[in-house]
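K.L.:
Pasting the sequence and the predicted model now:
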Amino acid sequence: MSASVELDNLTVRFGSFTAVSRATLDIAGGEFFSFLGPSGCGKTTILRAVSGFLDPTEGAVRIGGQDMSGISPNRRPTALIFQNLALFPLMTVAENIAYGLRVRGVGKAERRRKADELLELIALAGQGDKLVSELSGGQKQRVAIARALAVQPKVLLLDEPLSALDLKLRQHMRAELRAIQRQVGITFIYITHDQGEALTMSDRIAVMSDGVIEQVGDGKSVYDSPATPFVASFVGENNAFPGRVVSADARMAVIETAFGRLAGRNPSRLTAGDRAILFVRPEAMVPTAGAPEATLASEVVSVAFEGNLTHLYLRGSGKKEISLSIGRTAGFAMPAQGATTPASYAPEAGLVLPEGALARE
């Protein structure tokens with residue numbers, strides 16, 4: 001069983017500081033939904049409000065259509081996995097998994113049956129009698145998930161649970177988490193500052209900045225069509241060229257930048273005279289000349305080979321740095337460090353947005 005989660009104008013203040021401001025969205029039952037943003041943006045505050053450990057200053061949280069006002073954490077249909085996992089080191093794996101059932105008065109035989117069932121789910125069958133200290137980091141992570149699932153929550157809340165793992169294990173656990181979520185079918189609400197986690201696992205993502213939800217959408221739309229300069233500069237790498245619009249129509253805009261006139265898509269319907277920023281992804285740029293309003297001159301600062309990609313770091317007008325990411329099969333001759341080279345992109349790959357704050361990390 002899963003449940004929908006609704007945030008209705010949710011606002012949380014601590015004294016004069018507003019941690020979350022007027023957050024409104026609907027999370028469907030059975031959805032894998034992520035809140036993505038830098039440290040201090042308010043995403044964990046939202047999780048605490050959903051779990052019941054924090055009361056909203058204004059607005060409401062509804063789970064399965066029911067207003068959660070005045071309902072304590074232990075009476076909500078939620079389970080929370082903390083960043084540090086909080087497993088009990090002196091208990092066996094099975095005892096850890098069954099702990100919530102023990103608190104609820106479930107008998108020993110039924111607790112063990114349920115623990116064994118969940119050990120099968122997390123691919124740790126036969127490991128129930130081990131101590132937690134005998135497990136690897138990824139295995140501990142799976143035990144924490146099983147313990148949360150043992151109490152049959154309708155919504156599972158995960159607060160950056162993979163942050164302590166190394167990169168390879170983190171990537172492996174992303175796939176495992178997503179597979180478990182699909183198998184059990186309950187609503188997952190995931191908190192992360194890692195764009196790769198959010199893009200890889202989520203049905204939808206809410207990108208947050210300074211307590212405000214900047215954009216909600218699936219990973220592809222958030223990456224390909226960011227709604228604000230913050231989202232464009234936080235989700236993935238992006239080259240930003242500030243300037244002023246000199247011509248525009250409903251489809252495209254041209255802005256005057258330090259590199260000259262450059263063109264891009266115009267979803268915000270900007271008009272001549274508007275302050276704007278053109279964004280171009282590194283993978284959309286190539287080290288050759290292209291259309292006049294999509295080509296700029298630059299000097300190669302460094303070349304970094306990363307196996308499947310080669311990253312070119314260029315310096316253009318005003319000493320601004322530009323990055324290009326070239327795949328191994330692209331067929332381009334890589335310019336040497338110190339060389340002068342044009343860099344270009346297809347105008348449709350550029351995105352012009354109204355001037356606004358960029359991500360700081």
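P.N.:
Looks like it came in fine.
K.L.:
From here on, just use CA atoms for contacts and neighbour counts.
P.N.:
Noted.
K.L.:
where along the stretch 251-361 of the chain do the strands fall?
P.N.:
Here the stretch 251-361 of the chain has its strands, by DSSP state E, counting those that start in this stretch, at 252-257, 260-265, 275-280, 285-286, 295-306, 309-315, 321-327, 340-345, 351-354.
K.L.:
how about those strands in JSON lines, adding mean pLDDT and distance to Leu167?
P.N.:
As requested, those are exported to JSON lines (pLDDT from 0 to 100; distance: least, CA to CA, whole Å):
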{"stretch": "strand 252-257", "mean pLDDT": "97", "distance to Leu167": "38"}
{"stretch": "strand 260-265", "mean pLDDT": "96", "distance to Leu167": "35"}
{"stretch": "strand 275-280", "mean pLDDT": "98", "distance to Leu167": "27"}
{"stretch": "strand 285-286", "mean pLDDT": "93", "distance to Leu167": "27"}
{"stretch": "strand 295-306", "mean pLDDT": "90", "distance to Leu167": "15"}
{"stretch": "strand 309-315", "mean pLDDT": "90", "distance to Leu167": "18"}
{"stretch": "strand 321-327", "mean pLDDT": "91", "distance to Leu167": "21"}
{"stretch": "strand 340-345", "mean pLDDT": "92", "distance to Leu167": "31"}
{"stretch": "strand 351-354", "mean pLDDT": "98", "distance to Leu167": "31"}
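K.L.:
Compare those strands and give me the one nearest Gly30.
P.N.:
When the strands of the stretch 251-361 of the chain are compared by CA to CA, strand 351-354 sits nearest Gly30, at 33.2 Å.
K.L.:
Now do the closest one: everything it contacts.
P.N.:
Contacts to strand 351-354, defined as CA atoms under 8 Å, 6 or more residues apart in numbering, come from residues 225, 227-229, 253, 263-268, 270, 274-280.
K.L.:
Grab the nearest non-local neighbour of Phe53.
P.N.:
Pro73 (6.3 Å; CA to CA, 6 or more residues apart in numbering).
K.L.:
re earlier: write the PyMOL selection for whichever of the contacts of strand 351-354 are buried.
P.N.:
Per 16 or more other CA atoms under 10 Å, the buried members of those correspond to this PyMOL selection:
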select buried, resi 227+228+229+253+263+264+265+266+267+268+270+274+275+276+277+278+279+280
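K.L.:
measure Phe53 to Ser302 for me?
P.N.:
Here the criterion is CA to CA, to the nearest Å. By it, Phe53 lies 49 Å from Ser302.
K.L.:
so what are the domain limits for this structure?
P.N.:
Domain ranges of the chain: 5-229, 237-354, per automatic domain parsing.
K.L.:
Of these, which is nearest Arg360?
P.N.:
Nearest to Arg360 among the domains of the chain is domain 5-229 (8.5 Å), distances taken as CA to CA.
K.L.:
Give me the helix or strand of the protein that scores worst on average pLDDT.
P.N.:
Least confident helix or strand, the chain: helix 167-184 with a mean of 86, by mean pLDDT, DSSP states H and E.
K.L.:
which other helices and strands contact that helix?
P.N.:
For helix 167-184, the packing partners by 3 or more CA pairs under 8 Å, 6 or more residues apart in numbering; DSSP states H and E come out as helix 195-201.
K.L.:
Mind pulling up the pLDDT for the closest residue to Leu119 other than its chain neighbours?
P.N.:
Of all residues not flanking Leu119 in the chain, Ala125 sits nearest, at 4.9 Å (CA to CA, 6+ apart). Listed pLDDT for Ala125 reads 91.
K.L.:
do Phe35 as well
P.N.:
98.
K.L.:
Next up, the contacts around it.
P.N.:
By CA under 8 Å, 6+ apart, the residues touching Phe35 are Lys43, Ile189, Tyr190, Ile191, Thr192, Ala198, Ile205, Ala206, Val207, Met208.
K.L.:
The strand or helix carrying it: what's the following helix or strand?
P.N.:
Assigned by DSSP states H and E, Phe35 falls within strand 32-36. Per DSSP H and E, strand 32-36 leads on to helix 43-51 as the next helix or strand towards the C-terminus.
K.L.:
and the helix or strand following that next one, which residues are buried?
P.N.:
Downstream of helix 43-51, the first helix or strand assigned by DSSP H and E is strand 58-63. Within strand 58-63, the residues scored as buried using 16+ other CA under 10 Å are Gly59, Ala60, Val61, Arg62, Ile63.
K.L.:
Show me the strands paired with strand 58-63, marking each as parallel or antiparallel.
P.N.:
Using DSSP bridges, strand 58-63 pairs in its sheet with strand 5-14 (antiparallel), strand 66-67 (antiparallel).
K.L.:
Tabulate the CA atom coordinates of that strand in CSV.
P.N.:
Output of strand 58-63 as CSV, limited to C-alpha atoms (Å, rounded to 0.1, in the frame of the first residue of the first chain):
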residue,chain,number,x,y,z
GLU,A,58,1.7,27.8,8.1
GLY,A,59,0.1,25.5,5.6
ALA,A,60,-0.5,21.8,5.9
VAL,A,61,0.8,18.3,5.1
ARG,A,62,-1.7,15.7,4.0
ILE,A,63,-0.9,12.0,3.6
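K.L.:
That strand to helix 43-51, inter-axis angle?
P.N.:
Per axes from the mean of the first three to the mean of the last three CA atoms, to 10 degrees, the angle that strand 58-63 makes with helix 43-51 is 60 degrees.
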